[in-house]
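Student: sharing a sequence plus its predicted fold:
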Amino acid sequence: LGAVALFGEKYGNDVRVVDMGEYSRELCGGTHVDRIGQLGLVKLVGDSSIGSGVHRVEALVGTDALKYVRKEQLLVSQLASTFKVPSEQLPSRIDDVLTRLKNAEKEIEQLRTQQVLGSAGSLADKAEDIGGIAVVAEKLGEGVDSNGLRALAQDIRGRLGNRPGIVALFAPQGEKVAFVVATTKAAQEKGIAAGKLVPSFAEAIGGRGGGKPDMAQGGGTNPAGAEQAIASLRAAVAEVG
């Protein structure tokens, strides 16, 4: 008849074949109603793939389906009241709010980046001479994302001019910490590669990372170890110098 047995299902010697008009025909171990009319309202609540070409469809029926629909109606009504629009206008209204929110987040990120870059000059002025190498190693405050951290490191590196220089910045991000290491061309000519400096301090922050000779970045799970990481980095530079 076209009904297909699914792997993993348990069937006895005699298997019932259940028809629902021309819409469905399946093997079934047993039914809970005498006729489909007893189901009343059927509300689909799930559709997932459980194998190649096989889907699992879940639904509520009868009073459970009615309760589910009423909860959805109440939710729609509450959202319409919150956004002060008719329910049929909710999709476009929510899309509009999400778009404005994304734009606002971008503006905030740009402002944060500008604020971070504004500190480049003062950080470059704090460069410490270690064996003839200008080193800027700092732990920043919260709120600096990875993009801002990278941009700041590049800005500071540019301010070091033609000197052999290393910039290492650490930025706590909640329970994690991001870092960027940048080296000037003169430092690279002395054999100092940003990526090779990472192992000298990675353990202190429980992290890892890597990159090219001019720039390396990564992250760790121990923000409290940033100060120790900076000390380890300085010690590594001292050995190179």
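Tutor: Yep, it's here.
Student: can you give me the strands in the protein?
Tutor: Taking DSSP state E, the strands of the chain run over residues 16-20, 24-28, 42-51, 54-61, 128-130, 133-139, 165-173, 176-183, 207-211, 215-220.
Student: what lies in contact with the shortest one?
Tutor: If I follow you right, that is strand 128-130. 134, 135, 136, 137, 234, 237, 238, 241 (Cβ atoms under 8 Å, 6 or more residues apart in numbering). Heads up, the C-betas are built off the backbone N, CA and C, glycines and all.
Student: and the residue nearest to residue 41 when sequence neighbours are not counted, how many neighbours?
Tutor: Excluding the flanking residues, the one nearest residue 41 by Cβ to Cβ, 6 or more residues apart in numbering is residue 65, at 4.3 Å. Neighbours of residue 65 under the rule other Cβ atoms under 10 Å: 18.
Student: any idea how far the worst-scoring helix or strand of the chain on mean pLDDT is from the chain center?
Tutor: Sorted by mean pLDDT, DSSP states H and E, the helices and strands of the chain end with strand 24-28, the least confident at a mean of 79. Centre-to-centre, strand 24-28 and its host chain are 43 Å apart (Cα atoms, centre = their mean, to the nearest Å).
Student: sheet-wise, list the partners of that strand with their directions.
Tutor: strand 16-20 (antiparallel) (DSSP bridges).
Student: what's the longest helix in the chain?
Tutor: helix 90-117 (DSSP state H).
Student: that one to strand 165-173, inter-axis angle?
Tutor: 140 degrees (axes from the mean of the first three to the mean of the last three Cα atoms, to 10 degrees).
Student: average model confidence for helix 90-117?
Tutor: For helix 90-117, the per-residue pLDDT values average out at 86.
Student: what do you get for stretch 200-218?
Tutor: Averaged over stretch 200-218, pLDDT sits at 91.
Student: how about it: buried residues?
Tutor: 200-202, 204-207, 209, 211, 213-218 (16 or more other Cβ atoms under 10 Å).
Student: from one end of it to the other, what's the distance?
Tutor: The first residue of stretch 200-218 is 13 Å away from its last residue (Cα to Cα, to the nearest Å).
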